[in-house]
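Peer 1: Sharing a model that was predicted from the sequence below.
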Amino acid sequence: MAASATPRTGDVVTVAFSGGLDSTALLHAAVRAAAGRQRVVALHVHHGLQPQADDWAAHCEQVAASLGAGFACTRLSGAPQRGDSVEAWARAGRHRALHDMTVAAGADLLLLAHHRRDQAETFLLQALRGAGPAGLAGMPRQQWRDGVCWARPWLDRPREAIQAYAEQQGLRWIEDPSNADPRFARNRLRQTFWPAFPGGETGLAQAARWAREAHELAAEIAQVDLAVLASPERLDLAALSRLSPARASNALRAWLSTHTTPPASLIERLLSEWHAGATASWPAPGGMCHAYRDGLHWSAEVVATPAARPVDLSVPGLHRQPDWQGAWVVEPGAPGIAAERLAQLTQQGRAGGEQFQWAPGSVPRSLKKACQAAGLPPWRRAGPLLFDVDGRLLAVAGLGMDARAFARQDEPQLSVRWLDDSALPQSEGEGGGPA
Ligand SMILES: Nc1ncnc2c1ncn2[C@@H]1O[C@H](COP(=O)(O)OP(=O)(O)OP(=O)(O)O)[C@@H](O)[C@H]1O
């Protein structure tokens, strides 16, 4: 059997190598397929959880050398916190280590030895947790994460074929005793399900493929709907409520997923509790959802109002303010503020009693009234505010510049506006496939 995924770029391919049957066979097949044209590096993660782990790392290094592959190993530091799942801790650490070792090896392709039965088990475990199509879709065949392509070339291969290959090639592998430990759900499944349904793998893997297709289709429909109904800051709830229930929950889930991992109960509550004109809030992991003027908004959890601090906005560009989860955008243009006034600013939260003036010639009014008039929702009224060295208000996040701060027309000037993080370009995100 040959590895069916070939590297996209680069001269180095890495293989996630536990030393077990499957990854030993994959390492062997990858070295064969590379045929000296590419360097193959075996990557081992030492979880530090079992007494045999040192021996396994030594075994892996020796096997890699005997196959003509390079070898790298990372020992995970720390330990799971009390109450944390050992599996989840090991998995997260393994992912980080495999990513970092792949990058350090100069590769962008990482091969994992998951096969059809692993996929079938993932499907069943997800179903037992009540997962929707995204979870039931199981592991993707390949997925880019932070510049590394995680590929599973044997995801459609039956386990028996891999075992036959390993035996035929006379390979040696490790049997991990924890694979028999019934405290882990996957092991219990292996011990009870496969003896009862020995041919079940094919159907379950096929069901996972259907789920993937359904998931991808739902994501496409959500994109089409959100292009009409939403911006990163606001989802039109009135228009959402006119969609069919399934389509509305699909679009809502997709919009919320850009801010949080929405539990099914949140989607249900939002759709059933909201009615036209309602102002309401719903707690969610990491923040709050707010219905305001028939739009849904997200606010990330703010532990406390950030402390006042000096900022310099005299140079055009994007000035990120992580403590306020947003950024000032400074651009040449009128109306604006004289650049030298922007060099020594104090950024702080609303203290109460501030006055804001919309336009030259209009009357300054309380910040609260100005926010109401601008339709700035209550949870976005905390700030930040910018004051000059003389303590005069220059700009307010969400409202813009105070007209009293405008420079004369013939003066060089910079315009200042605020953007929340949700409206800023995102850096490349992590995908979700389990490994
Ligand atoms: N400690 C590890 N170091 C490096 N890669 C690992 C490690 N554990 C798992 N992997 C990768 O993830 C895949 C799936 O992990 P899983 O725990 O199902 O496999 P395993 O039983 O440890 O070993 P194998 O799949 O090689 O028989 C492995 O085939 C391997 O590619």
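Peer 2: Yep, it's here. Residues are numbered from 1 along each chain as shown.

Peer 1: pretty sure Val41 is in a helix, no?
Peer 2: No: applying DSSP: H, G, I helix; E, B strand; the rest coil, one finds Val41 to be strand, outside a helix.

Peer 1: show me what contacts it?
Peer 2: Counting by Cβ atoms under 8 Å, 6 or more residues apart in numbering, Val41 touches 12-15, 64, 69-72, 101, 105, 107. Where you see a C-beta, it was placed from the backbone N, CA and C, and this is true even at glycine.

Peer 1: Return the distance of it relative to the ligand.
Peer 2: Computed as Cβ to the nearest ligand atom, to the nearest Å, the Val41 to the ligand distance reads 12 Å.

Peer 1: quick one: that residue from Ala373, how far?
Peer 2: Separation of Val41 from Ala373 (Cβ to Cβ, to the nearest Å) stands at 62 Å.

Peer 1: quick one on the thing from earlier: please identify the one among the contacts of Val41 that lies nearest to the ligand.
Peer 2: For the contacts of Val41, the minimum distance to the ligand (Cβ to the nearest ligand atom) is 6.9 Å, reached by Val15.

Peer 1: The helix or strand hosting the closest one: partners in the sheet, and parallel or antiparallel?
Peer 2: Taking DSSP states H and E as the criterion, the element that holds Val15 is strand 12-16. Strand 12-16 sits in its sheet next to strand 39-46 (parallel), strand 109-111 (parallel), going by DSSP bridges.

Peer 1: near the ligand, anything from the shortest one?
Peer 2: What it means is strand 109-111. No: Strand 109-111 stays clear of the ligand (Cβ under 6 Å from any ligand atom), getting no nearer than 7.3 Å.

Peer 1: what is the mean pLDDT for that strand?
Peer 2: Across strand 109-111, the average pLDDT comes to 97.

Peer 1: what sits against the residue of the stretch 51-200 of the chain found nearest the ligand?
Peer 2: Nearest residue of the stretch 51-200 of the chain to the ligand (Cβ to the nearest ligand atom) works out as Ala113 at 3.1 Å. Contact partners of Ala113, counting by Cβ under 8 Å, 6+ apart, are 15-16, 18, 20, 22-23, 25-26, 152, 154, 162.

Peer 1: tell me the domain boundaries of this protein?
Peer 2: 12-206, 230-300, 309-423 (automatic domain parsing).

Peer 1: The longest one: how far from the chain's middle?
Peer 2: Same thing as domain 12-206. 22 Å (Cα atoms, centre = their mean, to the nearest Å).

Peer 1: What's the end-to-end length of that domain?
Peer 2: Taking Cα to Cα, to the nearest Å, domain 12-206 runs 32 Å from one end to the other.
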